[in-house]
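In: give me coordinates for this.
(2 chains)
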Amino acid sequence: MISKKARPLILSLAFGLTSVVLGQQALRLEKERALTDYCESVNLHNIILFSRVRDSIELRNDEFFDVDLPIVCQALPGIANQAVPAVSIGGESRLTRLENELDSYAVELNKLDDGKARLQRNIILGLLLFNVVALLLQAVHLYEDSKDIDEHE
Amino acid sequence: MNYTARHRTVTKLVVGSMGIASIFGFNTMIFIVAQNEMITRAKTHSELLAKQGEIIVDNLGAKRDIDRLPMASCLANPASDSCDQVVQFLIQQINRSGTWFALLKESSNTPEHAIALESVQSLYKDWKAFLESIGSTSSTSYQALLSDLRTSVIYSPTLVETGYQQVLHSLLLMQEKIQIWVDSEIQNSPSLVDAKTKADVAYLILVVVELLLFISVGAIDVWNNNYSRKSRSPIAGKDTE
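Out: Numbering: from 1, shown residues only, chains lettered A, B, ... in the order given. As a prediction, this is how the structure comes out:
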């Protein structure tokens, strides 16, 4: 049986536990964003490199250059390996497809990073809110406890 | 449970929780180290990829420019703009090789690194020989070099042509060796996947330990507060819970 004064304490702990879980989620997102940052920087290098050698790519018969992201980036949601074949299909040049691939990586990574940043911000706000509620419920518990002491005395 | 027994039990539980807390603290450090390791490796890998891109661009640019350089025209007519373009290209490439040389000097020593460094030194040697062949004392002054080249082309075109070809050969060879070195650095760089796995595991342990700690402390708190003082027995040290 739960006593009257322990009820706000249990609620406070429930809110506190939720805050802990939210804090862990924020930490996880931070870890994932470090990885997204890395993938974005790799893609940026590829974009710069591509723009500087695009003439040479045509000269070199399209064989030496690929814009695939490292394996850890391929595991990110929305980023799948989009290897571009060397042979042109349907009249579309490989150069155009490489360009599209770079663009799609940039868009997906940006979307991913934005989404994570927004979620992280909301989680942190939620964390603050839950912490305040947990503290308020602790105060209610302390009030009930002091009332209990008064009644006992 | 009497008051003293409750106090003893709470003390034991608190000591247990402190044990979990210390594991939590230790694990937090492991997580931070693993996370930092992952970030460092990602940064290193990203920098190496940038270097790889730069040397590819250098190499393609040099090959393209060499094909277009009007050396034959310069040899035929030293007063033309062709010699001007040749000198510009050479100075630009030598300056660029200086950047790679500085980068190589800062890097770790591996067989590929040693070969790359040697290829830069070889380029400098050939460049010096070329300068000597045209009787130039300044290696970077554009005007002086152009003037010396024009004079040499008039008196000894074969010597100039030979020295020039040797410099180009060394330049392309240097770029090839640097490319091999950068590729080997990428191949030998510590695995980012491993670092990520370690960080993931450390995070998972952190989550479990933190939840365990919170739940255990919360349970002690609730259990310890879940009685009313007014219901305590009038006999000292007893309560009726």
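In: looking at chain B, which helix or strand is least sure?
Out: helix B:142-155 (a mean of 80; mean pLDDT, DSSP states H and E).
In: what comes up buried for that one?
Out: B:L145, B:L146, B:S147, B:D148, B:L149, B:R150, B:S152, B:V153 (16 or more other Cβ atoms under 10 Å in any protein chain shown). Every C-beta, even on glycine, is put in place using the N, C-alpha and C of the backbone.
In: average pLDDT for the longest helix belonging to chain A?
Out: Under DSSP state H, the helix in chain A containing the largest number of residues is helix A:94-152. Average pLDDT, helix A:94-152: 89.
In: please compute how far it lies from its chain's middle.
Out: Distance of helix A:94-152 from the chain centroid (Cα atoms, centre = their mean, to the nearest Å) equals 11 Å.
In: give me the most central residue, the chain.
Out: Reading this off chain A. Among the residues of chain A, the one closest to the centroid is A:K116, at 3.4 Å (Cα atoms, centre = their mean).
In: try chain B instead
Out: Geometric middle of chain B (Cα atoms, centre = their mean) lands on B:T44, at 2.5 Å.
In: can you tell me the helix or strand for that one?
Out: For B:T44, the host element (DSSP states H and E) is helix B:3-68.
In: around chain A, which positions in chain B sit nearby?
Out: Chain B has residues B:35, B:38-39, B:42-43, B:45-46, B:49-50, B:53, B:56-57, B:60, B:64, B:192-193, B:196, B:199, B:203, B:206-207, B:210-211, B:214-215, B:218, B:221-222, B:225-230, B:232 near chain A, with proximity defined as Cβ under 8 Å from any Cβ of the partner chain.
In: among those residues, which ones are buried?
Out: By neighbour count, with 16+ other Cβ under 10 Å, those hold B:35, B:38-39, B:42, B:45-46, B:49-50, B:53, B:56-57, B:60, B:192, B:196, B:199, B:203, B:206-207, B:210, B:214, B:218, B:221-222, B:225-228, B:232 as buried.
In: quick check: which ranges of chain B have low pLDDT?
Out: B:1-3, B:138-140, B:228-241 (pLDDT under 70).
In: the residue nearest to the centre of chain B and B:S191 touch, don't they?
Out: No: here B:T44 lies out of contact with B:S191, judged by Cβ atoms under 8 Å, at a distance of 11.3 Å.
In: now for residue 103, how many residues are close by?
Out: I went with chain A, as the question did not name one. If you count neighbours by other Cβ atoms under 10 Å in any protein chain shown, A:D103 ends up with 12.
In: nope, chain B
Out: B:L103 has 16 neighbours, counted by other Cβ under 10 Å.
In: how about the nearest residue to it, chain neighbours excluded?
Out: B:K51 (7.5 Å; Cβ to Cβ, 6 or more residues apart in numbering or on different chains).
In: so the residue nearest to the centre of chain A versus chain B, what's the distance?
Out: Going from A:K116 to chain B by Cβ to the nearest Cβ, to the nearest Å gives 15 Å.
In: how close does that residue sit to A:A26?
Out: A:K116 sits 10 Å away from A:A26, going by Cβ to Cβ, to the nearest Å.
In: A:L35 is in contact with B:K196, correct?
Out: Yes: counting by Cβ under 8 Å, A:L35 is a contact partner of B:K196 at 6.9 Å.
In: return every residue with contacts to both of these two.
Out: Taking Cβ atoms under 8 Å, 6 or more residues apart in numbering or on different chains as the contact rule, the neighbours common to B:K196 and A:L35 are A:V72, B:M38.
In: excluding chain neighbours, what is closest to the residue nearest to the centre of chain B?
Out: B:S189 (5.8 Å).
In: can you pull the contacts of that neighbour?
Out: Neighbours of B:S189 in contact, by Cβ under 8 Å, 6+ apart: B:R41, B:T44, B:H45, B:L48.
In: what's the one helix or strand B:Q121 maps to in contact with?
Out: B:Q121 is part of helix B:111-133 when elements are defined by DSSP H and E. Helix B:111-133 is contacted by residues B:90, B:94, B:97, B:100-101, B:104-105, B:107, B:137, B:139, B:145, B:148, B:152, B:156, B:159-160, B:162-164, B:166-167, B:169-171, B:173-174, B:176-178, B:180-181, B:184-185 when judged by Cβ under 8 Å, 6+ apart.
In: so B:S46 sits against A:N43, correct?
Out: No: taking contacts as Cβ under 8 Å, B:S46 lies outside contact range of A:N43: 10.2 Å.
In: burial count for A:C73?
Out: A:C73 is flanked by 22 other residues according to other Cβ under 10 Å.
In: try the one 5 residues further on
Out: The number of residues packed near A:G78 is 12, by other Cβ under 10 Å.
In: helix, strand or coil for it?
Out: coil (DSSP: H, G, I helix; E, B strand; the rest coil).
In: what are the phi and psi values at it?
Out: Backbone geometry at A:G78, expressed as degrees, to the nearest 10, gives phi 90, psi -10.
In: does it touch A:D113 like I think?
Out: No: using Cβ under 8 Å as the test, A:G78 is too far from A:D113 to be in contact (11.0 Å).
In: tell me the spacing between A:R118 and A:A75.
Out: Distance from A:R118 to A:A75, by Cβ to Cβ: 21 Å.
In: more neighbours: the two, which one.
Out: A:A75 (14 against 10).
In: which element, helix or strand, includes B:I91?
Out: Assigned by DSSP H and E, B:I91 falls in helix B:81-106.
In: what angle separates that helix from helix B:142-155?
Out: On the basis of axes from the mean of the first three to the mean of the last three Cα atoms, to 10 degrees, helix B:81-106 is oriented at 120 degrees to helix B:142-155.
In: fine by me, thanks again.
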